[in-house]
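Undergrad: quick one, what's the 3D model for this:
(chains A, B, C and D, ligands or ions: 6)
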Amino acid sequence: MTCDLSTDLGPLGLANPVMNASGTFGYGDEWPRLCNTAVLGAIVTKTLTLEPRAGNPPPRLQETPSGLLNSIGLQNVGVTAFLAEHLSALRALRPPVIASVGGASAEEFAAVVERLEAGALEAYELNVSCPNVAQGGLSFGRSPGETARVVRGVRRVTQRPLFVKLTPNVTDIVAIGRAALDEGATGLTAVNTFLGMEIDLERSRPRFGRVGAGLSGPAIRPLALYRIWELARSLDCPLIGAGGIVTARDAAAFMMAGATAVQVGTATLRDPARPAALVTELATFAEARGLARIRDLVASLEGLRDVP
Amino acid sequence: MTCDLSTDLGPLGLANPVMNASGTFGYGDEWPRLCNTAVLGAIVTKTLTLEPRAGNPPPRLQETPSGLLNSIGLQNVGVTAFLAEHLSALRALRPPVIASVGGASAEEFAAVVERLEAGALEAYELNVSCPNVAQGGLSFGRSPGETARVVRGVRRVTQRPLFVKLTPNVTDIVAIGRAALDEGATGLTAVNTFLGMEIDLERSRPRFGRVGAGLSGPAIRPLALYRIWELARSLDCPLIGAGGIVTARDAAAFMMAGATAVQVGTATLRDPARPAALVTELATFAEARGLARIRDLVASLEGLRDVP
Amino acid sequence: MTRRPVQGRAAPDRAPAGGPLGEPALFSGGVLRNQRVAAGLYELLLAVPDAGDPPRPGQFVSLVLESGVAQPEFEGLEGPLLRRPFSVAGFVQARGRRRLKLLYASVGRITRRMAALVPGANIGLLGPLGTPFPLEVPEPILLVGGGRGIAPLLYLGETLACRGRAFALVYGARRGAEMLPAGQLPGGSIWLATEDGARGRRGTVLDVLDGLRLEAPTVMACGPHGMLASVAGWSAARGAACWVSVEAVFGCGTGLCGGCAIPAAGKPPDFLWACRQGPVLPAESVDWERWNASDL
Amino acid sequence: MTRRPVQGRAAPDRAPAGGPLGEPALFSGGVLRNQRVAAGLYELLLAVPDAGDPPRPGQFVSLVLESGVAQPEFEGLEGPLLRRPFSVAGFVQARGRRRLKLLYASVGRITRRMAALVPGANIGLLGPLGTPFPLEVPEPILLVGGGRGIAPLLYLGETLACRGRAFALVYGARRGAEMLPAGQLPGGSIWLATEDGARGRRGTVLDVLDGLRLEAPTVMACGPHGMLASVAGWSAARGAACWVSVEAVFGCGTGLCGGCAIPAAGKPPDFLWACRQGPVLPAESVDWERWNASDL
Ligand SMILES: Cc1cc2nc3c(=O)[nH]c(=O)nc-3n(C[C@H](O)[C@H](O)[C@H](O)COP(=O)(O)OP(=O)(O)OC[C@H]3O[C@@H](n4cnc5c(N)ncnc54)[C@H](O)[C@@H]3O)c2cc1C
Ligand SMILES: Cc1cc2nc3c(=O)[nH]c(=O)nc-3n(C[C@H](O)[C@H](O)[C@H](O)COP(=O)(O)OP(=O)(O)OC[C@H]3O[C@@H](n4cnc5c(N)ncnc54)[C@H](O)[C@@H]3O)c2cc1C
Ligand SMILES: Cc1cc2nc3c(=O)[nH]c(=O)nc-3n(C[C@H](O)[C@H](O)[C@H](O)COP(=O)(O)O)c2cc1C
Ligand SMILES: Cc1cc2nc3c(=O)[nH]c(=O)nc-3n(C[C@H](O)[C@H](O)[C@H](O)COP(=O)(O)O)c2cc1C
Ligand code: FES
Ligand code: FES
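TA: Ligands and ions are numbered 1, 2, ... in the order given. Purely as a prediction, here's the structure:
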């Protein structure tokens, strides 16, 4: 029996639940053959800002046990160059494209989305959770009010599906998610990276210029999974899971906990073909369990809605 | 040159900065020879409550990439049995003993400390950060007000040094720490475990009965280190670092970031001799760098107090 | 060192059968031989230092793949963090040389890597740990092993044989191919059961037990949790003394963490610590019903 | 596939010298030989599949110790997550058989494990990646290598020699013991420099360069960041064209993550991506001063 892998993110239908995570796959059009990007459920772009951004000075990466700290700092070509240089290549690929959007102010978020409307992309993901920028990252995503303000501004300029990418570095992630939904967000992506740091012992100084950096990779998987579970049992909206996903088992766990789709980030750095491979592996996994439709996995965890 | 390893936690002097973390070393008197417990800077007991507690039903553990999820649930013999059965063995060992204290209410915390006063232990560590109990764990440690209430109650019954063990599962750990200090806490321990979960895919159910569990081990080291740094640059008090510490380099990083002492938890499960071995390794590390006094390492990180 | 159970009102403070045990030690083992002995089942022979207490049947060692005790100082830990417990399946001491035998099933992260160990490699060990099977028990003695649970019974059988005690062995597995060859089994009276019927009787060890005619045997069993529950029930129904060697997920294996809790009979919600009050426990000290319900 | 730099206003969009490059591939390499060739320095010879684009001198491959491409589906990732980049130090193709040679210094988590690879083991590779050294450059050609930076120059030298181009090699290291034996170095004119004076002149490659009398050479250099900065300065002062192969901490090695940023000349705060716009870059495209300041 083959399994029907299709799934829905609200109004947005996907051929399967697998996408790349923003920032670990370039703009999505880099290596269509190396990864077979065409088979993905959706493609998420690197976070785009109004102007090009150079990002943070090096070093920008540090491996940790089963994890990766990054301090890229939203380096990106800016929305104009994205539209001019990447859009047509992305359009030539089959999957729906989700533009990841960043900004230093609520106004910038809205302005980026307004510019992107011309590209007729399928959805937006608002990155209010980047730990590596001075403005507009965690300072927005850690506050329900600021998050609401960003979503409100963007909702004024688009009718398209809107996902808000949440930071796990908060006491109450559900409150932030609810604030976003109340302003018309379609769904939520969880999670962005966890705040961490590393020290250069030889020089007695922080490894990164901004000190704090974002931890990703398998190390955070159990932490991210818990956030999806927290969101799923309190809120009723499409959820996109991210954080340490490598295998079909990882993806299935996030879906059982309530995710409708999943993103592969750090694992893509090691194996650029991983997101595409995961589509196949997820089908195998589902078929081995006799699942007719992958959507039956979503929120299938026993007792998910029983508040303990 | 040999390095002077002594350090101070406020009024409490330690021969060296290394102790075990609560809950991963029994009551501290279990294996004095296997670990050579006598050489530690201090010994921290398993968290003690007023009555004995049976803890959570199994399973209680799950390995994750470079991490460990636990849902022990404060199983302990209770303060009476502790005083009767463990205290004299602990006293026979050289190091100062820090009693870890838990409770379902601020009153229980105070009652436990009141009982323990008879034991004349050197200090207390208030565990307001256990993710594995229904009452008194995270529900206290995630709220500055509740944390303050617990500390206030305990301060009424003891003059001894009091450390408050913080949870990292908050938006603003500094606010919680400040609330504790304002009520007379001597210092802070950071961090307890991170909230995570795991799923039993074969049975479509959460691995743990309480769903959420606490993540520890090397996976969380960069996250814990960042919390110590956050606390050190905003608050002026002794800090005890914990979270993924295995090696002398790990311990040194926590000290550079502001910790006066460090605790070894999960690594002790793998190697019960690790805390004692770390004392030696830390001396070697310090001597290789020509450090005359280990306390010179504390908060020596370049720019620690420059708010970025 | 005190041998007191480190836990609350929990468990019967059972003095380990056979008198006080020694202190476990951290040591390294040199691989002498590592071979497949049945489908998915391997035997590992290790040279271990001639020091410390020799293990008793039923005790276990706790293993890390990296050799050396305080390893790895520099790099820190990666990959599997916890040690893994393995029953002592054999131990010989001759002319100052000690050999430790483990029998293991390749089922997961560590055991799959163990299967790739080559002679000359070194691994880290901690032990001997846990309670042993009692040896001075009334005959007839019946050893009951399921799957990889045969491991401690090999050493137990050998030890009983040395002491001239008579015993019989009931040994079951899902498939005949997963079973040790007959020549490697201890004792003279051996009954086999396999679910595929390839060796011995088709069925489980319980089917064998039900067909046995034995007066009040002393039963010593090791195997999956469900099998142990059945054997405990079988023994209780016959008033037979029954000792089980239990498995749980271990954190420390030394009584430090409380990770290995299994429900204790008598006073819910109390627990036994499988690593220190066990792994060998009197069957009646376990609350089988609560354990079945939590069903690891 | 587009070869456009994937980054902002950052970098000069330099068409890779030598024309368009092929698509990298994921493949596995079988260890044929792995031997110590100097103190802390090892040579790894791999059998690789006869498919895809052959690497050009200056390009690199990105390595994981686990073989297989989509590995490990079941267990997930543990231990070091990221691939590690290594310059191609040699490549031969004969009768449908391809051999890839890497020269590596054992300095950390992965490279120490690499040193333990035995013939028959398989590792995972991704490549060829990055920009190559240009080959059609004016003579005299001067290759300058420091430490493990000699690796790409071995393959470059071999390739130049095959094309009948004359070149000289300046090769430095801290200690003579850490240097490749003379017989393994390419070309006829070789100058050595060691800081311990054990081989060649006592000092650095810069001391050798300062003593050379060459009219407007084309310089191609690989080595530690500080050495490259000096060589770039030396070349600029003489109006010599200079190409450098740079190192940075790589995340993906394929231009996906932006982890490998190095300061770009001209327009601060822009960056070049060492993995895709490099590793071989015209020296003048790098902002050496800003790079010295961030000093990885
Ligand atoms: C006292 C005792 C004695 C044992 N003796 C033997 C023996 O002689 N031979 C033998 O083959 N096996 C024995 N086991 C079981 C053995 O410890 C597990 O098979 C082994 O830990 C699996 O490790 P892994 O990394 O290969 O598997 P993992 O990848 O960790 O997991 C595979 C399976 O093993 C279980 N498991 C994981 N970690 C542990 C753990 N720490 N403790 C127990 N189970 C775990 C998991 O729940 C999972 O079902 C014994 C267990 C105990 C408690
Ligand atoms: C384009 C390129 C080509 C290279 N070619 C060679 C070569 O031919 N031979 C050779 O010996 N070395 C080469 N290197 C360097 C080699 O990649 C590093 O030595 C290797 O990554 C160290 O891995 P490790 O796990 O052993 O060390 P780690 O334990 O990771 O760290 C040891 C040191 O290596 C540095 N390092 C860690 N990760 C990376 C990374 N992803 N990229 C770069 N540096 C890192 C660290 O900062 C640290 O100083 C090259 C590097 C680059 C960027
Ligand atoms: C190198 C790197 C760059 C990233 N850049 C972005 C980004 O631009 N926008 C964003 O929303 N998330 C970014 N992230 C976060 C990832 O999209 C993802 O949320 C996170 O890494 C957790 O998933 P993972 O563990 O699978 O990587 C980045 C992560 C990494 C490792
Ligand atoms: C099995 C286990 C039991 C624990 N029990 C306690 C406890 O009783 N009280 C407490 O304050 N912390 C407890 N902790 C948390 C540790 O003390 C420590 O704060 C945390 O594990 C992080 O350090 P580590 O990464 O070195 O383990 C426990 C941790 C583990 C793994
Ligand atoms: S495994 Fe830690 S107490 Fe038993
Ligand atoms: S862009 Fe990822 S390493 Fe260069």
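
Undergrad: burial count for the residue of the stretch 1-150 of chain C found nearest ligand 4?
TA: Closest to ligand 4 within the stretch 1-150 of chain C is residue C:81: 9.7 Å, counting by C-beta to the nearest ligand atom. Bear in mind the C-beta positions are built from the backbone N, C-alpha and C, glycine included. Residue neighbour count, defined by other C-beta atoms under 10 Å in any protein chain shown, stands at 25 for residue C:81.

Undergrad: residue C:231 now?
TA: Look at residue C:231: counted by other C-beta under 10 Å, it has 27 neighbours.

Undergrad: elements contacting the strand or helix carrying it?
TA: Counting by DSSP states H and E, the element that carries residue C:231 is helix C:225-237. If you count contacts as 3 or more C-beta pairs under 8 Å, 6 or more residues apart in numbering or on different chains; DSSP states H and E, helix C:225-237 packs onto strand C:141-146, helix C:205-211, strand C:218-222, strand C:241-245, helix C:288-294.

Undergrad: for whatever residue of the stretch 201-308 of chain A ends up closest to ligand 1, give its distance to chain B.
TA: Closest residue of the stretch 201-308 of chain A to ligand 1, C-beta to the nearest ligand atom: residue A:249 (12.1 Å). Per C-beta to the nearest C-beta, to the nearest Å, residue A:249 is found 6 Å from chain B.

Undergrad: just after the helix or strand containing that residue, pick out the following helix or strand.
TA: Under the criterion of DSSP H and E, residue A:249 resides in helix A:248-256. As assigned by DSSP H and E, the chain's next helix or strand after helix A:248-256 is strand A:261-264.

Undergrad: do the next helix or strand after that next one and chain D meet?
TA: Using DSSP H and E, the next helix or strand after strand A:261-264 towards the C-terminus is helix A:266-270. Yes: contact of helix A:266-270 with chain D (C-beta under 8 Å from any C-beta of the partner chain) involves A:266-270.

Undergrad: show the pLDDT at residue 43.
TA: By default, I'm working from chain A. Looking at residue A:43, its pLDDT stands at 97.

Undergrad: chain C is the one I meant
TA: For residue C:43, the predicted pLDDT is 98.

Undergrad: ok so it is a strand residue?
TA: Yes: under DSSP: H, G, I helix; E, B strand; the rest coil, residue C:43 sits within a strand.

Undergrad: I'd like to know how many residues surround it.
TA: For residue C:43, using other C-beta under 10 Å, the count is 20.

Undergrad: distance of the closest residue to it other than its chain neighbours from residue C:115?
TA: In space, and not counting its chain neighbours, residue C:43 is closest to residue C:37: 4.8 Å by C-beta to C-beta, 6 or more residues apart in numbering or on different chains. For residue C:37, the distance to residue C:115 (C-beta to C-beta, to the nearest Å) stands at 11 Å.

Undergrad: and for residue A:144?
TA: Shown here: residue A:144 relative to residue C:115, a distance of 52 Å by C-beta to C-beta.

Undergrad: and if you look at residue C:258?
TA: Distance of residue C:258 to residue C:115, given as C-beta to C-beta: 31 Å.

Undergrad: higher neighbour count, these two?
TA: Neighbours were counted for residue C:258 and for residue C:115 using other C-beta under 10 Å; residue C:258 has more, 29 against 17.

Undergrad: quick check: residue C:153 is in a helix.
TA: Yes: under three-state DSSP, residue C:153 sits within a helix.

Undergrad: so it makes contact with residue C:145?
TA: Yes: Residue C:153 is within contact range of residue C:145, at 4.5 Å (criterion: C-beta atoms under 8 Å).

Undergrad: overlap in contacts of those two?
TA: Residues touching both residue C:153 and residue C:145 (C-beta atoms under 8 Å, 6 or more residues apart in numbering or on different chains) are C:169, C:171, C:222.

Undergrad: pull the number of nearby residues for the second one.
TA: Residue C:171 sits with 26 neighbouring residues when counted by other C-beta under 10 Å.

Undergrad: that one belongs to a strand, doesn't it?
TA: Yes: under three-state DSSP, residue C:171 sits within a strand.

Undergrad: isn't it up against residue C:148?
TA: No: using C-beta under 8 Å, residue C:171 is not in contact with residue C:148; the gap is 11.3 Å.

Undergrad: and the residue of the stretch 51-200 of chain C found nearest ligand 5, what's its pLDDT?
TA: In the stretch 51-200 of chain C, no residue comes nearer to ligand 5 than residue C:85, which is 8.3 Å away by C-beta to the nearest ligand atom. Looking at residue C:85, its pLDDT is 98.

Undergrad: over to residue A:139?
TA: Taking residue A:139 on its own, its pLDDT is 87.

Undergrad: where along the stretch 151-300 of chain A do the helices fall?
TA: Using DSSP state H, counting those that start in this stretch, the helices found in the stretch 151-300 of chain A span residues A:173-182, A:221-234, A:248-256, A:266-270, A:274-288.

Undergrad: thank you, goodbye.
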